[in-house]
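A.B. asks: Here is a sequence with its predicted model. Questions after.
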Amino acid sequence: MFYISIFLQYMSQYIKTKLQYRTDLFVEFLSDLMFQGVNLIFILVVFGHTQFLNGWTRDEIIFIYGFFLVPFALFASFFNIWDFNERYIVRGEMDRVLTRPVHSLFQIVLERMELESLLGGITGLIVMGYAASRLHLTFHWYDVILFVLFVLGGTFVYAGIFISLASISFWSDARSSIMPMMYNIGNYGRYPVDIYNRVIRYILTWILPFAFVGVYPAAYFLRKTEWYTYSFLTPVMGVICFTLSLLLWNAGVKRYRGAGN
Amino acid sequence: MAKYIEMIRMRFLMMLAYRTNYYSGIFIYSINIGAYYFLWSAIYGGQPSIQGMTVEQMTTYVAIAWMARAFYFNNIDREIAMEIREGKVAIELIRPYNYLMMKTMQGLGEGIFRFIFFSLPGMLIVTFVFSLHFTTNVQTWSYFALSTVLSFIINSQINLLAGMVTFFTLNGEGLLRAKRFIIDLFSGLILPISFYPQWAQSVMHYLPFQAISYIPSMIFTESFTRDEAVKGMMFQAVWCVVLIVPIYLLWKAAKRKLIIQGG
Amino acid sequence: MYAIEVEKLRKEFKSYSSRSGLAGAFRDLFTRNYKIVRAVDDISFTVKQGEMVGYIGENGAGKSTTIKMLTGILTPTSGRVVVNGMNPHKERERFVQTIGVVFGQRSQLWWDIAVQESFRLLKKVYRVSDQAYNEHMDHVIETLDIGPLLDKPVRKLSLGQRMRCELAAALIHNPPLLFLDEPTIGLDVLVKLKIRQFLKEINEKYNTTILLTTHDMTDIEALCERVIMLDEGKIIYDGSLQHLKQNWGEGRQIHFQFRDMVSKEELTSLVPVTWEQGEDRYNWIAHVLTHDMAHVIGKIVSSYELKDIHIREVSTEEIISNIYEEGIHHG
């Protein structure tokens, strides 16, 4: 309850601040749209030269991409702490965070939230809608609940991976370029994992489980029964990833060295 | 000249100091290339060639495009934007060197570093894992080397331009992000230019972006004939020269603004 | 009941050193040299509720590290810390509710939003009721004279204005213990005076314990009866400021301006104290103890013709720097 009220308080501050810089907001929306566009263009261009991707049609691939955009948008809005090392460790902002009576990660999530990224989720829904109508997909009432569950699962998988990466900063003060590269890897979960070889499929499923953000949950709505087990594992993976990352974070905070020493 | 070489060396040493980057960096680049390798293999399916490129050429194209990227890629646009925001550029102006040249040299130091620590070992790993086609033709290699140097210059020039533009706009971050997407898409890094529809190709022919990734990668995979390769490098060289003009003008305007506003 | 209890507190850091040159850098890739640096070396002290303590030391003496352990930011390597009856890093979230922290060089406030919005946020964060907030903060805002600043964004405030707001922000939950790390750094004299006045007031009114680190000895003199002095991670002095001054700063400097030239030998044979030449041989400075003062002046006046005499007290600043330079000799 306390955390919800804090969250709302931060959110209202955030919106007030953002409205001061309206042009910035517009540019950010635009660059987000471009990011989504780049990937869509890739898919469209590629399917200009082929009919199937290992048995998956163009519209199925587009549907997966649309689905992926929704948890990704949630992740980008709340857990996008790629500059944690620079901002909180190197500049010592972590000191301030640790003197406040709220969990440190929660504070950082609140301070770094970028609600404008939620727009990507809407883009995702539109893309999915387009693909679904071309595929003549039908949905049940409970699919909505599953959709919410799968989206949250995917969001927490992403969040868990990035929180874990941020936690590394507590052990190593080196500036790391892992974060931006991880975004690239995150993209592979958007394609059907059966196109990859076993090693990469294994990595994307169990080590950096990005497949649970895109193809696995989306396969359920595409009625690919052979993937259902993985689809329903999505929320479980989300919980596991997030819990592990929290443990790592808490262990890291104990190791925190402070800035400027 | 000595001071610029010193600049390259300094940045190289600086990169070396951050050691956790390399091990993970190579691993991640390899995964990156690997994923594209499989993606393209799946895209080809049974087709022997698309747009005149075999699947082998295509996967080699992807691998070399990413490895070359490690060399030409740098963040000097962001650095310039940050130094402008924090008012450091004003201090840099009174130092006895050309600020833009210095930034480029720092980028080169970074590039050389990544070339040695990312590209070479990364390439070695990737060739072991995937079946790539590397030519033994010395001429192709030397063309490729020259072309990659040119692509470094053009990419740096575009970065300098983007960095300086943030001086005149309010939101630099969004602009730089947009620039990155444009480069990803139109440089040929994720898709060879020849895959695009004809109309898009003809538009891109008037833009410098394909000089960054498409031309060197096509040369390397021998998807270009010798004539096409020479023409490609001419295209790069012309853009290298042409881009100097807007850089010069923008820098003049930026300096004027700096003097008036004091950064 | 102690506000702070510290026993054999120690903090060690691993400090990496890089080898020189290109070849050295390559070797650093694989193995790196490091040594263990003891930033805080088995220190023990206690602070009573309501005390104002000055925590002083040169840069790198371990001040900040201690403060960070006391505030729960850093985990100690060994030793015992009990602050407000709690272990700071173990029960961090509950603990920080009972302390206020001001880092002079780092803002607690949100850069882009108005000061009062920051206050409102912190009020939520510290779960302060409307009633308690109004009662307490109205007074704080009035005393610090920041009422007119409340609707301005922090980035538009001057350093002095910001610092006063920072102080108010640290007191929103009216903590019984306040840590101030360089609170007056870079401020002009008037703002310093106002801040000191305010700190005294809340100390009297709420019996707030204050631990203060600063480079400005006038802060300490104005506020603290007790100082803890740190050098290379160890406490070298813990006691009253008065005592410190009596032992190390009891002396006075008497500046004589003679009508004629005199030599050091002459003066020393007449009055055997430390003589130091001023700008020329007409000017001499005697370093004497307070109770010898009358005697020295009497002797000189009766033997020489003088143009002028000044008597100067040794400043705390000088005492402290003397201690650091010479170590502790007497006292």
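C.D. replies: Thanks, I have it.

A.B. asks: Quick one, grab the pLDDT at residue 54.
C.D. replies: Just so you know, I chose chain A. With respect to pLDDT, A:Asn54 scores 86.

A.B. asks: actually it's chain C I care about, not the one you picked
C.D. replies: On the pLDDT scale, C:Gly54 gets 93.

A.B. asks: So it versus chain B, what's the distance?
C.D. replies: In this structure, C:Gly54 and chain B are 34 Å apart, going by CB to the nearest CB, to the nearest Å. No exception for glycine: its C-beta is placed from N, CA and C like everyone else's.

A.B. asks: Where does B:Gly46 sit: helix, strand or coil?
C.D. replies: Classification of B:Gly46 using DSSP: H, G, I helix; E, B strand; the rest coil returns coil.

A.B. asks: how many neighbours does it have?
C.D. replies: For B:Gly46, the neighbour count with other CB atoms under 10 Å in any protein chain shown is 6.

A.B. asks: which residues of the chain fall in strands?
C.D. replies: Picked chain A for this. Secondary structure of chain A by DSSP state E: the strands cover A:52-53, A:56-57.

A.B. asks: my bad, chain C
C.D. replies: According to DSSP E, the strands that chain C contains are C:2-17, C:33-48, C:52-57, C:78-83, C:99-103, C:177-181, C:209-213, C:226-231, C:234-240, C:252-258, C:274-277, C:283-288, C:306-313.

A.B. asks: Redo the strands of chain A as a markdown table? Include mean neighbour count and distance to chain C.
C.D. replies: Listed next are the strands of chain A as a markdown table, based on neighbours: other CB atoms under 10 Å in any protein chain shown; distance: least, CB to the nearest CB, whole Å:
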| stretch | mean neighbour count | distance to chain C |
| --- | --- | --- |
| strand A:52-53 | 18 | 41 |
| strand A:56-57 | 18 | 43 |
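
A.B. asks: Let me have those strands in a markdown table, extended by distance to chain B.
C.D. replies: Compiled in a markdown table, the strands of chain A are given as follows (distance: least, CB to the nearest CB, whole Å):
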| stretch | distance to chain B |
| --- | --- |
| strand A:52-53 | 5 |
| strand A:56-57 | 9 |
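
A.B. asks: now the ones you listed in JSON lines, with distance to A:Asn250?
C.D. replies: Listed next are those as JSON lines, based on distance: least, CB to CB, whole Å:
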{"stretch": "strand A:52-53", "distance to A:Asn250": "42"}
{"stretch": "strand A:56-57", "distance to A:Asn250": "41"}
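
A.B. asks: quick revisit: among the strands of chain C, which is nearest C:Ala168?
C.D. replies: Comparing those by their distance to C:Ala168 (CB to CB), the top pick is strand C:99-103, with 9.9 Å.

A.B. asks: what's in contact with the closest one?
C.D. replies: Under the contact criterion CB atoms under 8 Å, 6 or more residues apart in numbering or on different chains, strand C:99-103 has outside partners A:95-96, A:99, C:71, C:83-84, C:108, C:166-167, C:170-171, C:173, C:175, C:177-183.

A.B. asks: Mind listing the strands that strand pairs with, and their directions?
C.D. replies: strand C:177-181 (parallel) (DSSP bridges).

A.B. asks: roughly how far is the strand it pairs with from the heart of the chain?
C.D. replies: 11 Å (CA atoms, centre = their mean, to the nearest Å).

A.B. asks: again, but for stretch B:73-81
C.D. replies: Distance, centroid of stretch B:73-81 to centroid of chain: 12 Å (CA atoms, centre = their mean).

A.B. asks: Repeat that for stretch B:136-152.
C.D. replies: Remark: stretch B:136-152 is offset 14 Å from the chain centroid, using CA atoms, centre = their mean.

A.B. asks: can you check stretch A:83-100 too?
C.D. replies: How far stretch A:83-100 lies from its chain's middle: 23 Å, per CA atoms, centre = their mean.

A.B. asks: Buried residues in that stretch, which are they?
C.D. replies: Using 16 or more other CB atoms under 10 Å in any protein chain shown as the test for burial, stretch A:83-100 gives A:84-85, A:87-90, A:92-100.

A.B. asks: and of those, the nearest to B:Met101?
C.D. replies: For those, the nearest to B:Met101 is A:Val90 (27.8 Å; CB to CB).

A.B. asks: ok, that closest one to C:Arg127 distance?
C.D. replies: According to CB to CB, to the nearest Å, A:Val90 and C:Arg127 sit 31 Å apart.

A.B. asks: and if you look at B:Thr135?
C.D. replies: B:Thr135 is 69 Å from C:Arg127, where distance means CB to CB.

A.B. asks: Include mean neighbour count when you put the strands of chain C into CSV, please.
C.D. replies: Listed next are those as CSV, based on neighbours: other CB atoms under 10 Å in any protein chain shown:
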stretch, mean neighbour count
strand C:2-17, 17
strand C:33-48, 16
strand C:52-57, 24
strand C:78-83, 16
strand C:99-103, 25
strand C:177-181, 23
strand C:209-213, 24
strand C:226-231, 22
strand C:234-240, 16
strand C:252-258, 18
strand C:274-277, 14
strand C:283-288, 18
strand C:306-313, 12
